[in-house]
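Asks: Turn this into a structure:
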Amino acid sequence: MTVIVTILAFGWTGIFLFFLLSIKVNGLAKKNEYALIHVLFILIFSSWLPIPLIFSILFAGWPAQIGALYGILSLSLFIIAMALQTGHIIYSNRHAHEQKKLWDNYDSWMMSMLSDPIEVIAGIFAWISAIFNAIALVHHNIGFTSIIIFLLSLQIIYCVALLLRSVLNSPPQWINSIKPNPYILNIGLFLYFLVILIRLTIDYYL
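Replies: Residues are numbered from 1 along each chain as shown. Now for the predicted structure:
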């Protein structure tokens, strides 16, 4: 029981850190503190990493187990992507003064390689996890929360479109018109884990 309380505390810490980052992100960006922003995302995703496992324990059944598998895989990919980007940003900041124009072009290429495909795939896995977790809640007769999670999981359509935009040499015009927006994915994930944590907290304490 103490382990579950600790994991829930970590999860809510991640929610607090995300809320704090959303307030400070513009100021940090103006100061070029992108490495710090990415480190905070690593801490946020790390604090959420055990949540899919606890969900599968409290809402036992195959849908929650499959949801846990995709959820842990998704968060692990996000952590790896953020760590790689952090390393690149730190190195770039130390050497950008040498050939600024060259490094500006190099930064754009490297960040696209390290962020777009990995984060979009991680997003797809996250929403697959959400779909199975919504099914798990339906099996436990928790309809309202399952509907909210299912509606949030519709963002998988956006993620698949972004993935096709990245991998296709000549994507259709309607796909090409869809622009990547990190705020959409990040806010979606925040709301998803907020709903999950509220549900877990209610079920554990009540």
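Asks: which ones are touching residue 18?
Replies: Residue 18 makes contact with 44, 186, 190, according to CB atoms under 8 Å, 6 or more residues apart in numbering. Quick note: C-beta positions are derived from backbone N, CA and C, even for glycine.
Asks: Residue 54 now?
Replies: By CB under 8 Å, 6+ apart, residue 54 lies in contact with 4, 7, 8, 200.
Asks: From those residues, list just the buried residues.
Replies: The neighbour count (16 or more other CB atoms under 10 Å) marks 7, 8, 200 as buried among the contacts of residue 54.
Asks: Please flag which of these sit within strands.
Replies: Counting by DSSP state E, no part of the buried ones among the contacts of residue 54 is found in strands.
Asks: mind checking pLDDT for residue 29?
Replies: Residue 29 is assigned 89 on the pLDDT scale.
Asks: Same check on residue 102?
Replies: With respect to pLDDT, residue 102 has a value of 55.
Asks: try residue 182
Replies: 81.
Asks: Then residue 130?
Replies: You'll see residue 130 listed with a pLDDT of 97.
Asks: ok, now the one 10 residues further on?
Replies: Residue 140 carries a pLDDT value of 91.
Asks: Would you quantify the distance from the closest residue to it other than its chain neighbours to residue 163?
Replies: If you skip the residues right next to it in sequence, residue 140 has residue 59 as its closest partner in space, 5.6 Å away by CB to CB, 6 or more residues apart in numbering. Noted for residue 59: a distance of 29 Å to residue 163, by CB to CB, to the nearest Å.
Asks: same deal with residue 148?
Replies: 25 Å.
Asks: do residue 10 as well
Replies: From residue 10 to residue 163 the distance is 30 Å (CB to CB).
Asks: Could you do residue 39 as well?
Replies: According to CB to CB, residue 39 stands 26 Å off from residue 163.
Asks: Kindly report the same for residue 25.
Replies: Distance from residue 25 to residue 163, by CB to CB: 25 Å.
Asks: swap in residue 152?
Replies: Residue 152 sits 18 Å away from residue 163, going by CB to CB.
Asks: What of residue 27?
Replies: When residue 27 is compared with residue 163 (using CB to CB), they lie 32 Å apart.
Asks: Comparing residue 152 and residue 163, which shows the higher neighbour count?
Replies: residue 152 (20 against 17; other CB atoms under 10 Å).
Asks: Buried by neighbour count: which residues of the host helix or strand of the more buried one qualify?
Replies: Per DSSP states H and E, residue 152 falls inside helix 143-153. Using 16+ other CB under 10 Å as the test for burial, helix 143-153 gives 145, 146, 148, 149, 150, 152, 153.
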